[in-house]
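Participant: Please find the sequence and the predicted model below.
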Amino acid sequence: MEQTSFPPMSRVAICGGTHGNELTGVYVVREMQKQKVDKLGSASVTAVLANPRATDVCRRYIEKDLNRCFTDALLRSPITDSTPYELRRAQELNAQLGPKGSEEAVDLLIDLHNTTANMGLCLIFYSLDWITLHIYKYIQSKMTNVPVRAIQLDVPMSDAYSLESVGKHGFAIEVGPQPNGVLRADIFNAVKSAVDLTLTWLQEFSSGCTFEGGEVEAYTFAKHVDYPRDPAGEITAAVHPELQDKDFKLLRSGDPVFLMFSGETVTHEGEELYPFFVNECAYYEKNIAFQLARRTTFTLPSICLGN
Amino acid sequence: MEVDEPVRLPRLPRVAVCGGTHGNELSGVYLVRELLKDLREKDAEDGGPLSVLVVLSNPRATQQCRRYIDVDLNRCFSHATLNGPVPDASPYEIILSRKLNALLGPKGGQGAVDLVCDLHNTTANMGLCFIAYSDSDWICLHIFKHLQMPDMPMRFIHYDVSKKESYSLDSVGKHGFALEIGPQPHGVVRSTNYTAMKVGVQHVLDWVRHFNSGSVFEGGFVDVFTMVKKIDYPRDSQTHNITAAVHPHLQDRDFCLLRPEDPLFQTFSGEALTYKGSEPLYPFFINECAYYEKGVALSLARKRRVAVPPIRAQTEEDKQASFASEEEE
């Protein structure tokens, strides 16, 4: 079997509160800071509260979604008096954990998120990265009480706009369903397990373990679908009860997707795809009712520490 | 008077349906918008039209999809707040509450609407609840008793607060209740909740029309949950941040009896904290998002069975007779 080696990964960052009302990450990071977790074997671990002002007021953001502020262009833009808070904060985080794309960037950046959609536990990443996929494979094999999936968004690194793109390797851990502004113990426990498993994997990797290759399934982004809206831009339907909570269940042509407030049903037409982020609160304003993906199988090489 | 002679109560010619009192509780927002689209006055079988006011209570908060702009609108309707001074720099919702009191009230006055139905959502797993200040308002209890929801549990919650101290929008009407549906995240509308609310409101209006037309509603029993106390999260004494989450065994178990020593919270290090009260009680509003800032992790209620008498609307003769006897007095 093909084997690939990777250089040591000695610096890890765990980020939470990138959206101030996604509370699992906020409390995982606070707990790590309280327990003064900063070393794990030979690796250093930094726990960072990404958007402290938004966290203080329990809102997704103050002026601008922080998790859209990490493109190369925005990170380089000059700061003026009128620069939104989150753009300044993004540049601070880039200085602390990056700079993005450079040798000084942390080796692994994990960003913790919640969704109101029934997505279980998802690892979300941009490009094909054997490290990230191996961590996903490892978590999936060890966590049996919650579904674990991987989602790939196909965005080139320079256009990558979210926090985890600052690290040399990175992924978001997205867990739902949880309402914004609410902390559920079962979800907290699941995310804590996933973070612990990631750090365990890292220790094993650093101690020279070889991780067997193999096949993994992941979902690759295809498109998103907006709500039906009236001329004023207000939504005129809710996600249909037969689609609600059915993230990752194959959507076929003719399947209902919306139930209008006035009573009519709207159906899906076209390619069979897998819905996710179904009825995510924060996406109403981004004109997304749900997203659609194809299911792909990736063949991973086995990997180990090398030079 | 015979034992099963219906209690005669004044007709209810004016009903208000309010949504968006909290701007991010979306079932009510979208239902009110839909009702405003096809509003017409409906005639009862006899006795004149039922006037239905449909109101989007907090337009600015709704537009921003937030619970409130400055202060919680649904705490602004006590007599003290409605009648106190209003300086220019008053919070948005204080000024708004005066306008709503003028539109639907004045609270306590003869001109107030007869019934206010205020639509809400909760992140707690509460199904459909009526929330009222009285456990002897036969109008509200009868409306509840006659509502059928095939796919959703229904409960009647009573807050034992005097009319004077009552602070929420539904207290502005001569009768009123909140119609609370969950679970639903704030800022999200779930289709089944929207539909349940639509069915609920339609039922309320149908019931009022039947009542106004002289129907007799048979008596019976309603289980009423009366709020007894609230429990806050354990908090850090310096930062005031919560130090535990609702325990997984309690989460989503609204209205399942909580016994002494049952788990309440789980700390972030995994330890279970248990219920230290001596009386088994019924929890509700378990892990409601908006209550973190109010210092409430869950509320607790006693359940009791209330006997509800048969009722019917007063006729013109009844009204004349009661004026006559008042004059005699």
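Facilitator: All right, it came through fine.

Participant: Would you tell me which residues of chain A are close to chain B?
Facilitator: A:27, A:30-31, A:58, A:116, A:177-186, A:188-189, A:234-235, A:238-241, A:244, A:259, A:261-262, A:279, A:281-282, A:284-285 (Cβ under 8 Å from any Cβ of the partner chain). Where you see a C-beta, it was placed from the backbone N, CA and C, and this is true even at glycine.

Participant: quick one: low-confidence ranges for the chain?
Facilitator: You didn't say which chain, so I picked chain A. Along chain A, segments meeting pLDDT under 70 span A:1, A:307.

Participant: look at chain B instead
Facilitator: Scanning chain B with the threshold set as pLDDT under 70 gives B:1-3, B:39-48, B:326-329.

Participant: Can you name the residues of it sitting close to chain A?
Facilitator: So chain B meets chain A at B:30-31, B:33-34, B:65, B:123, B:183-192, B:194-195, B:241-242, B:245-248, B:251, B:266, B:268-270, B:287, B:289-290, B:292-293 (Cβ under 8 Å from any Cβ).

Participant: again, only using 6 Å
Facilitator: Contact residues (Cβ under 6 Å from any Cβ of the partner chain) of chain B with chain A: B:30, B:34, B:123, B:185, B:187-189, B:191-192, B:194, B:245, B:248, B:266, B:268, B:287, B:289.

Participant: ok, and the most crowded of the residues you listed?
Facilitator: Most neighbours among the residues of chain B next to chain A, by other Cβ atoms under 10 Å in any protein chain shown: residue B:188, with 28 neighbours.

Participant: hang on, it packs against residue A:118?
Facilitator: No: here residue B:188 does not reach residue A:118: they are 11.7 Å apart, not a contact under Cβ atoms under 6 Å.

Participant: For stretch A:256-263, which outside residues touch it?
Facilitator: Stretch A:256-263 is contacted by residues A:236-238, A:240, A:242-243, A:265-268, B:30, B:34, B:191 when judged by Cβ atoms under 6 Å, 6 or more residues apart in numbering or on different chains.

Participant: nope, stretch A:64-72 is what I meant
Facilitator: Contact with stretch A:64-72 is made by A:18, A:51, A:84, A:86-87, A:90, A:158-159, A:161-163, A:165, as judged by Cβ under 6 Å, 6+ apart.

Participant: Span of it from start to end?
Facilitator: With Cα to Cα, to the nearest Å applied, stretch A:64-72 spans 17 Å between its terminal residues.

Participant: what comes up buried for that stretch?
Facilitator: Across stretch A:64-72, burial judged by 16 or more other Cβ atoms under 10 Å in any protein chain shown covers A:64-71.

Participant: Kindly reformat these as a markdown table and extend each row with secondary structure.
Facilitator: Listed next are those as a markdown table, based on DSSP: H, G, I helix; E, B strand; the rest coil:
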| residue | secondary structure |
| --- | --- |
| A:64 | coil |
| A:65 | coil |
| A:66 | helix |
| A:67 | helix |
| A:68 | helix |
| A:69 | coil |
| A:70 | coil |
| A:71 | coil |
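
Participant: Closest one of the residues you listed to chain B?
Facilitator: Using Cβ to the nearest Cβ, residue A:65 is the member of these that sits closest to chain B, with 14.4 Å.

Participant: now that closest one: how far from residue A:117?
Facilitator: Computed as Cβ to Cβ, to the nearest Å, the residue A:65 to residue A:117 distance reads 17 Å.

Participant: And residue A:87, by the same measure?
Facilitator: Distance from residue A:87 to residue A:117, counting by Cβ to Cβ: 27 Å.

Participant: now residue A:25
Facilitator: Per Cβ to Cβ, residue A:25 is found 16 Å from residue A:117.

Participant: Mind checking which of these two has more residues around it?
Facilitator: The residue with more neighbours, out of residue A:25 and residue A:117, is residue A:25; 32 against 27, by other Cβ under 10 Å.

Participant: tell me the contacts of that one?
Facilitator: Residue A:25 is in contact with A:16-17, A:112, counting by Cβ under 6 Å, 6+ apart.

Participant: one more time with 10 Å, if that's ok
Facilitator: Residue A:25 makes contact with A:14-19, A:47-50, A:55, A:110-114, A:172-175, A:188, A:191, A:195 under the criterion Cβ atoms under 10 Å, 6 or more residues apart in numbering or on different chains.

Participant: Report the buried members of those.
Facilitator: In these, the ones that pass as buried (16+ other Cβ under 10 Å) are A:14-19, A:47-50, A:55, A:110-114, A:172-175, A:188, A:191, A:195.

Participant: In strands, which of those residues fall?
Facilitator: Those of those mapping onto strands are A:14-16, A:47-49, A:110-114, A:172-175, per DSSP state E.
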